[in-house]
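A.B. asks: turn this into a model:
(chains A and B)
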Amino acid sequence: MIGFQIINILIILVVIGLFILFIKHAGQYIQTRIRLSWLLGAYLAVLIISFLLLNVLPQEEIMARDRVGEEELEIASRAETDFYSALEEGRLAQLEGVYRLRSWDFELEEKEEWLLIRSGDRDTSPTTVIINRDGEPGRVQARYYVTKTIIREVEVTPELVPPQVLLEGNRLIVEAPERQEFEVASFQREFVLRQFSPEESEVQEQAQPAERTTVTTVEEGQRIHSTGDISVFGEQALYLKVPENIQIDDSGFSKLR
Amino acid sequence: MFSTGNSLLETVKKQYNFKLRLYMNLFISLVVVQVIAILFTAGGTGSYGTGTGNIYFYEKFYSSNIIIAFTLLWAFFAAVLLTTRDYRDMDFVFIGNRLSSNISNMGFLVTASLAGGFTAVLGGVLLRVILYYSLGPYNILSDYYFVSLGDLSRAVLATFLYLILACALGYFCGILVQLSKAFVVILPALFFGTLITVSAMEEAHLVDYVFNFIVEESSFTLFLVKVIFTAAILFGSSLLLSNRLEVRK
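C.D. replies: Model prediction:
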């Protein structure tokens, strides 16, 4: 432990030594090539122009993907909780915060008596499938529903990729989408400003999730604070309408309800 | 001490103007230090990832705190450098005394702090613009992205005050080292020793109180008063110690 600290201190001392040497001699090397005042002027000009530029950047573009409010989070949370019951009871249309991402319609050949539901090659995160036996004869309808997906208060629902669904003979193949990654950049207020707004400072400290390991799912009625660590991952399901006279074999498909 | 017709103020003014031109290399090092800090910060200052199933969310944090911190370091060492023999010898181009030299140095450091404060905060703005073009607007959340003129002014002022403190501390340390070379060892030992001791202690420590005296102050007016008060003590002590230095050499 002490050895480690000594090494750290030595490294810091070396860095500081280099820093001092650099500050002392930086100008001398540059001076021989270009006029210092020009260099300083150019740097200052770049900084001032960047401030002017920042104020004329299209704000709407930056605000296109932004943190949502408390209301949106509550809608997402309710939709997540009620999703399956609403789906099974056929009242999805009444549930706010549910979206149909994609739909498919397949014609079954008359001779087919079986429908084999299979997952595709990518089965790392199989799709949840719900089957309704009230389908029209000779037709299989598939609808992919999702509830609002809000991660760290950023809604990503419109960007969710649905699974691939295809019918090959009597085999309905459901291929889960590839791993989807969302990347966002967020700015934190400078400590020189945060210091003078203590409430904001508290919020930002909470928003720094370095020591947080859990992701909170908002429960109904729970007050949501704007801390940036609230996530509602939502639910997704493939809803199949299959005619009653068709036998279903779902062996090998793990996520079937 | 002063030649006929030359008041202390005039000498200080002349020395100050002279130093502004002569010490321009310090401003170049400021630019380089800030550019390095901007490059460091452009990679993000932290990140957080979370996910479920096949959805993964990755948030990268950006802030100009590193640019300000680098500028604080620069201010500290620039102030130390002004107390070294090389820089002190330059003062003898003008007729003056230790007092005029110190006051002109302090004047220079205040100017350097203002320049440092202004450029450090604008460096954060430059970082935002760079990220706009490198990441694309859609991937940037608007929280604290835009900087109003009011916020910019407040940040520049607060950074300027922090830089004055760093300069005052650096100048004081520099004078101590000039007084006795033993401080070259004592000061770093004191600094790192305190760091290690404080990190090992769970309870609040005297260092915490001293640190929080400035850093935890949420009223800007009080912060201003505290900074002026502390800087005045440090610069005042440097002046007094510097007179002892004159007697010795």
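A.B. asks: please enumerate the strands of chain A.
C.D. replies: Listed in chain order, the strands of chain A (DSSP state E) span A:98-107, A:114-119, A:129-135, A:139-147, A:150-151, A:154-155, A:164-168, A:171-175, A:180-187, A:236-243, A:247-249.
A.B. asks: for chain B, that is, sorry about that
C.D. replies: Using DSSP E, strands in chain B cover B:46-52, B:55-62.
A.B. asks: model confidence score at the residue nearest to residue A:23 when sequence neighbours are not counted, please.
C.D. replies: Closest residue to residue A:23 apart from its sequence neighbours, by C-beta to C-beta, 6 or more residues apart in numbering or on different chains: residue B:29 at 4.3 Å. To be clear about C-beta, it is placed using only N, CA and C from the backbone, and glycine gets the same treatment. Per-residue pLDDT puts residue B:29 at 88.
A.B. asks: now residue B:202
C.D. replies: With respect to pLDDT, residue B:202 has a value of 68.
A.B. asks: can you check residue A:100 too?
C.D. replies: pLDDT, residue A:100: 92.
A.B. asks: tell me who's in contact with it.
C.D. replies: A:143, A:144, A:145 (C-beta atoms under 8 Å, 6 or more residues apart in numbering or on different chains).
A.B. asks: out of those residues, who has the most neighbours?
C.D. replies: Greatest neighbour count in those, by other C-beta atoms under 10 Å in any protein chain shown, goes to residue A:145: 24 neighbours.
A.B. asks: pull the longest helix from chain B.
C.D. replies: helix B:98-135 (DSSP state H).
A.B. asks: and the angle from that one to strand B:55-62?
C.D. replies: 160 degrees (axes from the mean of the first three to the mean of the last three C-alpha atoms, to 10 degrees).
A.B. asks: check which residues of helix B:98-135 are buried.
C.D. replies: Residues of helix B:98-135 classed as buried by neighbour count (16 or more other C-beta atoms under 10 Å in any protein chain shown): B:98-110, B:112-129, B:131-132, B:135.
A.B. asks: tell me, which of these make contact with chain A?
C.D. replies: B:119, B:121, B:122, B:123, B:124, B:125, B:126, B:128, B:129, B:131, B:132, B:135 (C-beta under 8 Å from any C-beta of the partner chain).
A.B. asks: tell me the contacts of the residue lying closest to residue B:105 once chain neighbours are set aside?
C.D. replies: Nearest residue to residue B:105 in three dimensions, chain neighbours excluded: residue B:82, at 5.0 Å (C-beta to C-beta, 6+ apart). With contact set as C-beta under 8 Å, 6+ apart, residue B:82 has these partners: B:23, B:105, B:108, B:109, B:171, B:174.
A.B. asks: residue A:193 now?
C.D. replies: Per C-beta under 8 Å, 6+ apart, neighbours of residue A:193: B:151, B:154, B:155, B:158.
A.B. asks: among those residues, which ones are buried?
C.D. replies: Buried, going by 16+ other C-beta under 10 Å: B:154, B:155, B:158, out of these.
A.B. asks: tell me the one of those residues nearest chain A?
C.D. replies: Set against chain A, the nearest of the buried ones among the contacts of residue A:193 by C-beta to the nearest C-beta is residue B:158 (3.8 Å).
A.B. asks: thinking again about what came up before, want to throw the strands of chain A into TSV with distance to residue B:77?
C.D. replies: Shown next, in TSV, are the strands of chain A (distance: least, C-beta to C-beta, whole Å):
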stretch	distance to residue B:77
strand A:98-107	57
strand A:114-119	62
strand A:129-135	65
strand A:139-147	56
strand A:150-151	43
strand A:154-155	41
strand A:164-168	60
strand A:171-175	60
strand A:180-187	28
strand A:236-243	56
strand A:247-249	75
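A.B. asks: how about those, which one is nearest residue B:196?
C.D. replies: strand A:180-187 (33.3 Å; C-beta to C-beta).
A.B. asks: list the buried residues for that closest one?
C.D. replies: Going by neighbour count (16+ other C-beta under 10 Å), the buried part of strand A:180-187 is A:182, A:184, A:185, A:186, A:187.
A.B. asks: setting aside sequence neighbours, what's the nearest residue to residue B:79?
C.D. replies: Distances taken as C-beta to C-beta, 6+ apart put residue B:170 closest to residue B:79, at 3.1 Å, once the chain neighbours are dropped.
A.B. asks: who's in contact with stretch B:151-159?
C.D. replies: A:51, A:190, A:192-193, A:195-196, B:68, B:71, B:116-118, B:120-122, B:124-125, B:147, B:220, B:223.
A.B. asks: now with 10 Å, please.
C.D. replies: Residues from elsewhere that reach stretch B:151-159 (C-beta atoms under 10 Å, 6 or more residues apart in numbering or on different chains): A:51, A:54, A:189-196, B:64, B:67-68, B:71-72, B:75, B:113-114, B:116-122, B:124-125, B:144, B:147-148, B:220, B:223-224, B:227.
A.B. asks: next: stretch A:62-72.
C.D. replies: So stretch A:62-72 is contacted by A:58, A:73, A:75-76, A:97, A:148, A:150, A:152-156, A:158-159, A:182, A:184, A:186, A:207, A:218, A:223-226, A:228, A:230, A:232, B:128, B:132, B:136-143, B:145-146 (C-beta under 10 Å, 6+ apart).
A.B. asks: for it, measure first residue to last.
C.D. replies: Taking C-alpha to C-alpha, to the nearest Å, stretch A:62-72 runs 19 Å from one end to the other.
A.B. asks: can you give me the helices in the stretch 1-150 of chain A?
C.D. replies: A:2-31, A:36-56, A:59-63, A:70-89 (DSSP state H, counting those that start in this stretch).
A.B. asks: just those: most buried one?
C.D. replies: helix A:70-89 (a mean of 18; mean count of other C-beta atoms under 10 Å in any protein chain shown).
A.B. asks: give the rounded mean pLDDT of it.
C.D. replies: Here the average pLDDT along helix A:70-89 is 89.
A.B. asks: got the angle for it vs strand A:236-243?
C.D. replies: Using the same axes, to 10 degrees, helix A:70-89 lies at 30 degrees relative to strand A:236-243.
A.B. asks: what about helix A:70-89, distance to the chain center?
C.D. replies: 18 Å (C-alpha atoms, centre = their mean, to the nearest Å).
A.B. asks: how far off strand A:129-135 does it point, in degrees?
C.D. replies: Going by the same axes, to 10 degrees, helix A:70-89 makes 50 degrees with strand A:129-135.
A.B. asks: quick check: angle from helix A:70-89 to strand A:139-147?
C.D. replies: 150 degrees.
A.B. asks: show me the contacts for residue A:159.
C.D. replies: Counted by C-beta under 10 Å, 6+ apart, residue A:159 has contacts A:65, A:149, A:180, A:182, B:55.
A.B. asks: between those, which sits nearest residue A:82?
C.D. replies: Closest to residue A:82, out of all of the contacts of residue A:159 and judged by C-beta to C-beta, is residue A:149, at 15.5 Å.
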